[in-house]
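[1] please find the sequence and the predicted model below.
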Amino acid sequence: MLTPPDLSQDAIAQCLANEYGLHAIHAEFLPLGADVNSAVFRVDANDGAAYILKLRRDDCRPAVVSIPAFLHHEKGIEAVMAPLPATDRQLSVRSLGFDWMLYPFFKGDNGFERALSNAQWTALGAALSAVHHAELPDALRAGVPQESYSHHWREGVRRYQRRFINGLAGDDVVRRFLAFWEAHDEEIDTVVYRSEQIASILLERSLPLVLCHSDIHAGNVLVGDNDSLCVIDWDTLILAPKERDLMFIGGGVGHVWNQPREEALFYEGYGPTDIDPMALAYYRYERITRDLLETCDLIFDTAASVEDREEGLRQIASQFLPDDVVAIAHRSYEAIT
């Protein structure tokens, strides 16, 4: 969310005091991420400690907080950022129309802002391998959705395509978005078709399912000094083939993480593994298809801010630049045909 929610400093401070026993000096909104349903604040408390406060507008599944806590505390995966408990020991609280989650402050930058060191690449590989090999208790596992190769994203994009045929009116952002779509209409068709084609094949197979972060791009990996590293934003946990996560390594999301040297360092930490090239191609196309649908929803959302809509347009247009994620997905597809 790039614009702050309608919450006063007093309201934030009161909730933190009531629910966490935390007496805040100041809550600074941080315009981070493309998720318009999430807001992030830095909170400075009167004891000198700093925290990150995350607010989600839609309902927060319990697994989003319970599983990172389990991975961090029970499995010893220090790179997984775990939420801090409220005074009632719950890992999130519902107040003022949001789910509130409080985390320790990590001093550093995300992977878009700062390149990972060699040691951090290897540490990221080791951390993700540990997540993929983690055995969840039945009660936790039951709260995690399972990969179904859903038609949802593909059908959503096609619904918008049918609407675009007859033309749509709108403001300047809408006009520029429709111009982008017209310029890339054939390639968008190819992305959606290939995603569907590969999904139909994978549905007939039985790839092992592991716990996946499923959104482990550079923006969700924090890097600090002394080779420190932290993985955040576990909102989209899923049981899926490991390629659901591995597609980001070398996938070029956000114009980074696309160098063979980085991949090699990552897999030094991850360890020996057989990568299914068909699943890798599917997840790269599926990610683009999902981004297309979410961008459409955002562009035509009358409640969304101009800043969020502008950023959505910028991000989706950048994916179709030479050697960006669409081109990388095409290369993954060509490797299996």
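    Good, I have the coordinates.
[2] for the rest of this, base every contact and every neighbour count on C-alpha atoms.
    OK.
[3] where exactly do the strands run in the stretch 1-150 of the chain?
    24-30, 38-45, 50-56, 93-95, 98-104, 109-110 (DSSP state E, counting those that start in this stretch).
[4] compare these and give me the one nearest residue 262.
    The closest of those to residue 262 is strand 109-110. By CA to CA, the value is 16.1 Å.
[5] hmm, back to that, turn the strands of the stretch 1-150 of the chain into JSON lines, including mean pLDDT, mean neighbour count and distance to residue 274.
    What follows is the strands of the stretch 1-150 of the chain, written out as JSON lines (pLDDT from 0 to 100; neighbours: other CA atoms under 10 Å; distance: least, CA to CA, whole Å):
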{"stretch": "strand 24-30", "mean pLDDT": "87", "mean neighbour count": "18", "distance to residue 274": "39"}
{"stretch": "strand 38-45", "mean pLDDT": "91", "mean neighbour count": "21", "distance to residue 274": "35"}
{"stretch": "strand 50-56", "mean pLDDT": "93", "mean neighbour count": "20", "distance to residue 274": "36"}
{"stretch": "strand 93-95", "mean pLDDT": "92", "mean neighbour count": "16", "distance to residue 274": "41"}
{"stretch": "strand 98-104", "mean pLDDT": "94", "mean neighbour count": "20", "distance to residue 274": "35"}
{"stretch": "strand 109-110", "mean pLDDT": "94", "mean neighbour count": "18", "distance to residue 274": "29"}
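[6] kindly reformat those as a markdown table containing distance to residue 310.
    Putting the strands of the stretch 1-150 of the chain into a markdown table (distance: least, CA to CA, whole Å) gives the following:
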| stretch | distance to residue 310 |
| --- | --- |
| strand 24-30 | 17 |
| strand 38-45 | 17 |
| strand 50-56 | 21 |
| strand 93-95 | 30 |
| strand 98-104 | 25 |
| strand 109-110 | 21 |
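[7] state the distance from residue 17 to residue 88.
    Using CA to CA, to the nearest Å, residue 17 is found at 13 Å from residue 88.
[8] which one of the two has more residues nearby?
    When residue 17 and residue 88 are compared for neighbours, residue 17 comes out ahead with 14 against 10, by other CA atoms under 10 Å.
[9] these two touch, right, residue 318 and residue 327?
    No: if you go by CA atoms under 8 Å, residue 318 and residue 327 don't touch, sitting 11.3 Å apart.
[10] of all the strands of the stretch 1-150 of the chain, which lies closest to residue 78?
    Ranking the strands of the stretch 1-150 of the chain by proximity to residue 78 (CA to CA) places strand 98-104 first, at 12.7 Å.
[11] who are the packing partners of that closest one?
    Strand 98-104 is packed against strand 50-56, strand 93-95, with contacts defined by 3 or more CA pairs under 8 Å, 6 or more residues apart in numbering; DSSP states H and E.
[12] can you add distance to residue 258 and give these back as JSON lines?
    Output for the helices and strands packed on strand 98-104, formatted as JSON lines (distance: least, CA to CA, whole Å):
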{"stretch": "strand 50-56", "distance to residue 258": "29"}
{"stretch": "strand 93-95", "distance to residue 258": "38"}
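[13] residue 224: which of the ones you listed is closest?
    Of all the helices and strands packed on strand 98-104, strand 50-56 sits nearest to residue 224, with 15.5 Å by CA to CA.
[14] pLDDT score for the closest residue to residue 299 other than its chain neighbours?
    Counting by CA to CA, 6 or more residues apart in numbering, residue 309 is the residue found nearest to residue 299 once chain neighbours are left out, at 5.4 Å. Looking at residue 309, its pLDDT reads 94.
[15] check contacts around residue 309.
    By CA atoms under 8 Å, 6 or more residues apart in numbering, the contact list for residue 309 reads 173, 298, 299.
[16] most neighbours out of those, which is it?
    In terms of neighbours by other CA under 10 Å, the contacts of residue 309 top out with residue 299 at 25 neighbours.
[17] how much space between that one and residue 262?
    Distance from residue 299 to residue 262, by CA to CA: 34 Å.
[18] cool, residue 336 as well?
    Counting by CA to CA, the gap from residue 336 to residue 262 is 23 Å.
[19] kindly report the same for residue 199.
    28 Å.
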